[in-house]
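Student: Here is a sequence together with a model predicted from it:
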Amino acid sequence: MTSYALVSGADRGLGLALVKALLDKGYHVFAGQYGETAEALEALDELSGGRLRRIRLDIGDGGSVQEAAREVAGTTDRLDLLINNAAILGNITATIQDDLDFEGMEEVYRINTLGSLRLSNAFIEPILRSETKLIVNISSEAGSIGNCKRTSWYGYCMSKAALNMQSQLIDNQILPQGGRVLVLHPGHVQTYMQGKLDASGRLTPAVSAALIIGMIEQRLADGETDKPLALKDTEGKVWSW
Ligand SMILES: NC(=O)c1ccc[n+]([C@@H]2O[C@H](COP(=O)([O-])OP(=O)(O)OC[C@H]3O[C@@H](n4cnc5c(N)ncnc54)[C@H](OP(=O)(O)O)[C@@H]3O)[C@@H](O)[C@H]2O)c1
């Protein structure tokens, strides 16, 4: 049976690598394209044998999310896997003793926290109609309150902590219906979050994506329905909330 996945923020970075990895696993993938052009995604599209569908998707915009949901519904009435990957970083230097950029922080929240929720909300029925019923929220160690040593990164850290809470709320609702959420920290990855390639990342996007797919497969194989939801990294280490 055909398995359908949707990945947000697939233009580049980890999202693009996740799309590639899912295609390699045989999925039909809806790739959320944020930018006007996404050359790497377009090139992948040509090699996908029709299994990749690029959809324009701004998760910060309710209209864009609804349009994406309509587009997906034109192909399938079920979605096996939703990966909420798209996020932005915002200001990472200002401390409580600086002028904080509140508008910038609202934007980070609108995308990282509410954008993921918007997408899960729009696709929850197709997800629950699928066999696997899985939502993967790409969070971050930066959202862990228990491990927090930073003095800045306000918007990003708070948005990811809120995403963690959101994940638990969704999990509470869908677990009795056979659904599940994974909340993952993808590691320090060589991507473009800081506006340019961060070559200091320990993992390439391809390696991080492969580890994430491994965790998804493990989750689908063993069920783990008796274990509480946790923020895990790609090595399986649990981070405190
Ligand atoms: N890289 C790391 O070390 C690291 C560590 C922990 C967690 N993460 C998480 O990993 C995920 C992927 O990030 P990444 O590292 O791959 O960063 P990235 O290279 O910046 O990729 C993020 C993607 O999201 C897109 N995007 C931005 N705003 C969007 C919107 N409103 N709607 C839809 N898509 C949007 C970006 O498009 P544009 O490029 O056109 O803006 C880009 O394609 C994020 O959730 C991030 O928080 C990353």
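Tutor: That came through, no problem. Quantities reported herein were computed from a predicted structural model and do not represent experimental measurements.
Student: And the strands in this protein?
Tutor: 4-7, 28-33, 52-56, 81-84, 134-138, 180-185, 231-233, 238-239 (DSSP state E).
Student: Just tell me which of those ends up closest to the ligand.
Tutor: Comparing those against the ligand with C-beta to the nearest ligand atom, the closest turns out to be strand 134-138 (4.1 Å). (Each C-beta comes from the backbone N, C-alpha and C, glycine too.)
Student: who's in contact with the residue lying closest to residue 69 once chain neighbours are set aside?
Tutor: Once flanking residues are discounted, residue 69 sits nearest to residue 122: 4.4 Å by C-beta to C-beta, 6 or more residues apart in numbering. Counting by C-beta atoms under 8 Å, 6 or more residues apart in numbering, residue 122 touches 65, 66, 68, 69.
Student: do the same with residue 91
Tutor: Going by C-beta under 8 Å, 6+ apart, residue 91 touches 100, 101, 104, 105, 152, 153, 154, 155.
Student: Take the strands of the chain and write them to a markdown table, including mean pLDDT.
Tutor: A markdown table is the format used below for the strands of the chain (pLDDT from 0 to 100):
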| stretch | mean pLDDT |
| --- | --- |
| strand 4-7 | 98 |
| strand 28-33 | 98 |
| strand 52-56 | 97 |
| strand 81-84 | 98 |
| strand 134-138 | 98 |
| strand 180-185 | 97 |
| strand 231-233 | 96 |
| strand 238-239 | 96 |
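Student: Which one of the ones you listed lies nearest to residue 147?
Tutor: strand 238-239 (5.9 Å; C-beta to C-beta).
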